[in-house]
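Asker: How does the following fold in three dimensions:
(one chain, ligands or ions: 1)
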Amino acid sequence: MLAAKKKVAHPHFLWYSKLEWYVKRSFSGMAFLSFFLMIALSACNEAQLPTKTAIRKTMTKQHQSANPYYSRTDTTRLNLSDAVWKQVLSPAVYDVARHGSTEQAFTGKYWDYEGKGTYFCAACGNMLFRSDAKFASTCGWPSFFETVRPNSVLYRKDLSFGMERTEVVCGRCKAHLGHVFDDGPLPTGKRFCMNSIVLEFEPDKS
Ligand code: FE
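Answerer: Next up, the predicted model:
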């Protein structure tokens, strides 16, 4: 049998293989660069998405501009008709603030929020709570152990649903905020169980 002829690459094929290798390497480089750019661009897009805090701020500003009775400095008590409140509040805030509805547990925007700052009444701007008095409660609603000032809120006896509870309303506009219970932590032992929808949070300026 004849020995198999040893294959020797033709010079032309060697030159062609080198070119092919360079082209392939260039393509790999371009593909890698494109992939890197795509990642970088998508990261930029993500960075432009509004944060939860930005959404809260926007909602607060929109709400305040539609409500001429809203003030964080005027402490004059408000005595407005239900029709006026319906006109100046959003339907969701009006429903809780003026008709005592309760938002579903674990759904409000502040029930597990831990930001440092101050909580105001969403209906009138009255200062209600400091974040220092907020504690992690398992009830599903934002809970505080004390108000900013003793007259920040007013209390009413609530006998609805066959229970005897103490209703908490805003000290300036009498908006329904929630209820207070005696099972809170020290130093007060109180648990102000509030509806997130009637609260507005303002972060501390660092
Ligand atoms: Fe109020």
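Asker: which parts of this protein sit against the ion?
Answerer: Counting by C-beta under 5 Å from the ion, the residues of the chain close to the ion are 121, 123-124, 126, 170, 172-173, 175. (C-beta placed from N, C-alpha, C; glycine too.)
Asker: and Lys157, how many residues sit next to it?
Answerer: 8 (other C-beta atoms under 10 Å).
Asker: Just the buried residues out of the residues of the chain next to the ion, in ChimeraX syntax.
Answerer: A single ChimeraX command selects the buried members of the residues of the chain next to the ion (16 or more other C-beta atoms under 10 Å):
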select :121,123,124,126,170,172,173,175
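Asker: In TSV: the residues of the chain next to the ion, plus pLDDT.
Answerer: TSV is the format used below for the residues of the chain next to the ion (pLDDT from 0 to 100):
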residue	pLDDT
Cys121	98
Ala123	98
Cys124	97
Asn126	98
Cys170	98
Arg172	98
Cys173	98
Ala175	98
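Asker: Tell me the spacing between Lys116 and Glu200.
Answerer: Shown here: Lys116 relative to Glu200, a distance of 15 Å by C-beta to C-beta, to the nearest Å.
Asker: An error on my part: the question was meant for Leu128.
Answerer: Leu128 sits 9 Å away from Glu200, going by C-beta to C-beta.
Asker: In the protein, mark out all the helices, start to finish.
Answerer: Here the chain has its helices, by DSSP state H, at 11-47, 52-65, 82-88, 91-99.
Asker: re the thing from before, restricted to strands, list the residues of the chain next to the ion.
Answerer: Of the residues of the chain next to the ion, the ones assigned to strands by DSSP state E are 121, 170.
Asker: I'd like to know which of the residues of the chain next to the ion is nearest to Arg77.
Answerer: Arg172 (5.6 Å; C-beta to C-beta).
Asker: sorry, back to before: neighbour count winner among Lys116 and Glu200?
Answerer: Glu200 (25 against 12).
Asker: Name the residues of stretch 120-135 that come out as buried.
Answerer: By neighbour count on 16+ other C-beta under 10 Å, the buried set for stretch 120-135 is 120-131, 133-134.
Asker: what is the mean pLDDT for stretch 134-149?
Answerer: Mean pLDDT, computed over stretch 134-149, is 95.
Asker: Quick one: end-to-end length of that stretch, please.
Answerer: The separation between the terminal residues of stretch 134-149, taken as C-alpha to C-alpha, to the nearest Å, is 15 Å.
Asker: next one: stretch 156-171
Answerer: So stretch 156-171: terminal residues 11 Å apart, C-alpha to C-alpha.
Asker: quick one: buried residues of it?
Answerer: Of the residues in stretch 156-171, those buried (16+ other C-beta under 10 Å) are 165, 167-171.
Asker: Nothing else from me, thank you.
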